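Trainee: Provide a 3D model corresponding to the input given below.
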Amino acid sequence: MSTTITCPNCNTTFNIDEALTADIEKSIKATYDEQKKELINSINTEKSLLEQEKAKLEETKRNENKLFLERLENAKKMQRQELENEIKLIAENDQKEKLTYFQNELKLKDEKLKQLNEKELEVLKLNTLLKDQQEQEKHNLNKLKITLETELKEKLSDEILLKEREKHDMEKRETDKKLADQTKLIEEMQRKMQQGSMQTQGEVQEIALEELLASAFPFDIISEVGKGKRGADCILIVRNEYGHECGKIIFESKRTKDFDKKWLPKLKEDALESGCDLCVLVSQVLPDDMRMFDQREGVWICKFNEVAQLVKALREGILNVARANKSQENRGEKKEMLYHYFTSNEFLQQMRAINEAYLYLKSSIDRERLQMEKIWKEREKQIDKVLLNNTYLMGTIKGIAGNDVDDIGLLE
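Mentor: Residues are numbered from 1 along each chain as shown. Now for the predicted structure:
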C-alpha cells in the first residue's frame, strides 16, 4: 500500500511514513539532547565546583606545607647556628687554654733549658778549672816532691817522709773523688736534656693529633687526658647527627724509632678503664710485618697520615651499631603501647569516624543512583507516551485511509 500523499494545492508529493518518523525522531532527539545538555551542564557545574574546592584545598595544603617547611628550616638553621656558635666558642676557649698552657710550658722549658745551659757552662768551666788545678797541682806536687825529697834527704828521717807521702795520697784521692762526682753530674744533666727533648716531641705529636681530630670531626668531643696521669693521650666521643653519644675511641701517640709490643696491652687496659669501644695507636713506625694501618691484638695501629681515613671508617661502624641497638630498644614496651592503643577509646573513636565517613559517601552514591533511576523512569514514561501517541496517530490515519497505510514495525 502506498504511503505517499499529494497536496491538492501545490501538487507536492511526500511520504507520510518518513514525515511522521522524522518528526518523532526530531522530537525525541530534541528532548534527549535537552536533557543530556542539562545533565552535562549540571555535571560540569558540580565538577567545576569540586575542582575549585580541590584546588583551594591543595593551595591551602601547599601553603601550610610551605609555611611548616619554612618554620622547620628556620628552626633547623637557628639550632645549627646555635650549635656552631657553641662549638666555635668551646673551640676558641679550648684553643685559648691550650695556647696559654703551651706558652707557660714553653716558658718553663725555656727557663729549664737556660738553667741547663748555665749548669752545662758551669760544668765546662769547672772541668776546665779542675784540669788547670790538676795540672797546677800536679806541677806543684812534682815541684814539692822534688823539694821535699831534697829536703827530706837532707833533714828528715824516713818516718817523716812516710807521713808526708800518706798525706799526699789522701789529697790525691780527694781530688779524684771530686772529678768523679763532676763527671756523674755532667752525665745526669745530659741524660735529662735528652729525655726532655723526646718528651717534647711526643707532646707535639699529641697536640697535632688532637687538632686533626677536632678539624676532621667537629661535632664529636675530644677528651684530653692530663699530663702525668695514667692513661692514653686523648679520647674521641663519637656523636650522631642528633648530638647523642654513640661510642668512644681511645688514642695513644708514639714518636719513637722502634716499635714496642708492650704498648698494646697497656692501651687495652686504658680503654677498659675509661669505657672505650675501640683502641687506636698512632705510631711513627709500624711493626716489621705491617705496611699500612691494620688491627693487631684488638688494637688498630696506623701512622699519623692515616688517622683521618681510619677514624672515618671506625666512626661509621660505631654509628651503625648504635642505630641497630636503638631500633631494638624497648620492643616489648612498644608492643604493649600498641596493644593499649588498639584497645583504647581514642582508637575506637577514630574507627567510628572512618566508618561514618564511609557511610556518608556510600549514602551519597545511593542517593545519586536513586536520583538517576528516577530520571531514567521519567524518560522511559516520556518515551512510552510518545509511542502511545504515535500509535493513536497511526490508528487514526488507518481509520481514515484504510489498508492503504502500511504497518510500522517500530510501533509494534
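Trainee: which one is Arg379 nearest to, not counting chain neighbours?
Mentor: Nearest residue to Arg379, sequence neighbours excluded (Cβ to Cβ, 6 or more residues apart in numbering): Gln35, at 6.8 Å. In short, each C-beta sits where N, CA and C put it, glycine included.
Trainee: The closest residue to Lys254 other than its chain neighbours: neighbour count?
Mentor: If the residues on either side of it in the chain are set aside, Lys254 comes closest to Ser283, at 4.5 Å by Cβ to Cβ, 6+ apart. The number of residues packed near Ser283 is 21, by other Cβ atoms under 10 Å.
Trainee: Dihedrals phi and psi, Ser283?
Mentor: With angles defined as degrees, to the nearest 10, Ser283 sits at phi -120, psi 150.
Trainee: quick one: contacts for it?
Mentor: By Cβ atoms under 8 Å, 6 or more residues apart in numbering, the contact list for Ser283 reads Ser253, Lys254, Arg255, Thr256, Phe259, Trp263, Ile301, Cys302, Lys303.
Trainee: List of residues touching the strand or helix carrying the first one?
Mentor: Just to be clear, that refers to Ser253. Taking DSSP states H and E as the criterion, Ser253 maps to strand 245-254. Defining contact as Cβ under 8 Å, 6+ apart, one finds that strand 245-254 is touched by 202, 205-206, 209, 213, 232-240, 260, 263, 267, 270-271, 274-284, 304, 311, 314-315, 318-319, 321-322.
Trainee: Run through the helices of the stretch 151-300 of the chain in chain order.
Mentor: Remark: helices assigned in the stretch 151-300 of the chain by DSSP state H, counting those that start in this stretch are 158-216, 263-274.
Trainee: Among the ones you listed, show the one with the smallest mean pLDDT.
Mentor: Among these, helix 158-216 carries the lowest mean pLDDT, a mean of 67.
Trainee: Pick out the residue nearest the middle of the protein.
Mentor: The chain has Glu241 as the residue nearest its centroid, 4.1 Å off, counting by Cα atoms, centre = their mean.
Trainee: which of the contacts of strand 245-254 are buried?
Mentor: The neighbour-count test (16 or more other Cβ atoms under 10 Å) marks 205-206, 209, 213, 232-236, 238-240, 263, 267, 270-271, 276, 278-284, 311, 314-315, 318-319, 322 as buried among the contacts of strand 245-254.
Trainee: So which of those residues belong to strands?
Mentor: Of the buried ones among the contacts of strand 245-254, the ones assigned to strands by DSSP state E are Cys234, Ile235, Leu236, Val238, Arg239, Leu278, Cys279, Val280, Leu281, Val282, Ser283.
Trainee: quick check, nearest of those residues to Asn11?
Mentor: Ranked by distance to Asn11 (Cβ to Cβ), these are led by Arg239 at 109.0 Å.
Trainee: my guess is the closest one meets Ile222, correct?
Mentor: No. Contact criterion Cβ atoms under 8 Å: Arg239 and Ile222 do not qualify, at 11.4 Å.
Trainee: Against Arg239, how distant is the residue lying closest to Gly275 once chain neighbours are set aside?
Mentor: Take Gly275 and drop its neighbours on the chain: the residue closest to it by Cβ to Cβ, 6+ apart is Lys248, 6.5 Å away. Distance, Lys248 to Arg239, by Cβ to Cβ, to the nearest Å: 11 Å.
Trainee: Return every residue with contacts to both of those two.
Mentor: With Cβ under 8 Å, 6+ apart, Lys248 and Arg239 have no common neighbours.
Trainee: which SS class is Lys77?
Mentor: On the three-state scheme (DSSP: H, G, I helix; E, B strand; the rest coil), Lys77 is labelled helix.
Trainee: Run a quick neighbour tally on it.
Mentor: Residues near Lys77, counting by other Cβ under 10 Å: 10.
Trainee: Tell me the confidence at Val238?
Mentor: pLDDT for Val238: 91.
Trainee: That one against Gly317, yeah?
Mentor: No. Look at Val238 against Gly317 with Cβ under 8 Å: they stay out of range, at 9.8 Å.
Trainee: can you list the domains in this protein?
Mentor: Using automatic domain parsing, the domain parsing of the chain gives 14-130, 218-330, 360-412.
Trainee: Most tightly packed of these?
Mentor: domain 218-330 (a mean of 15; mean count of other Cβ atoms under 10 Å).
Trainee: tell me the strands in the stretch 1-150 of the chain, going along the chain?
Mentor: Secondary structure of the stretch 1-150 of the chain (DSSP state E, counting those that start in this stretch): strands at 4-6, 13-15.
Trainee: Between the ones in strands among the buried ones among the contacts of strand 245-254, which sits nearest Met170?
Mentor: Relative to Met170, the closest of these is Ser283; by Cβ to Cβ it sits at 55.6 Å.
Trainee: Please, which helix or strand holds the residue lying closest to Thr31 once chain neighbours are set aside?
Mentor: Nearest residue to Thr31 in three dimensions, chain neighbours excluded: Gln382, at 6.6 Å (Cβ to Cβ, 6+ apart). For Gln382, the element it lies in under DSSP H and E is helix 345-401.
Trainee: for that helix, what is the average pLDDT?
Mentor: Averaged across helix 345-401, the pLDDT comes to 82.
Trainee: Could you do stretch 60-69 as well?
Mentor: 81.
Trainee: which residues touch the residue nearest to the centre of the chain?
Mentor: Glu241 sits next to Phe219 when contact means Cβ under 8 Å, 6+ apart.
Trainee: Distance check, it against Arg80.
Mentor: Using Cβ to Cβ, we find Glu241 at a distance of 11 Å from Arg80.
Trainee: How about the contacts made by the nearest residue to Glu297 once chain neighbours are set aside?
Mentor: For Glu297, ignoring the flanking residues on the chain, the nearest one in space by Cβ to Cβ, 6+ apart is Leu264 at 4.9 Å. Applying Cβ under 8 Å, 6+ apart to Leu264 gives the contacts Leu281, Arg296, Glu297, Gly298, Val299.
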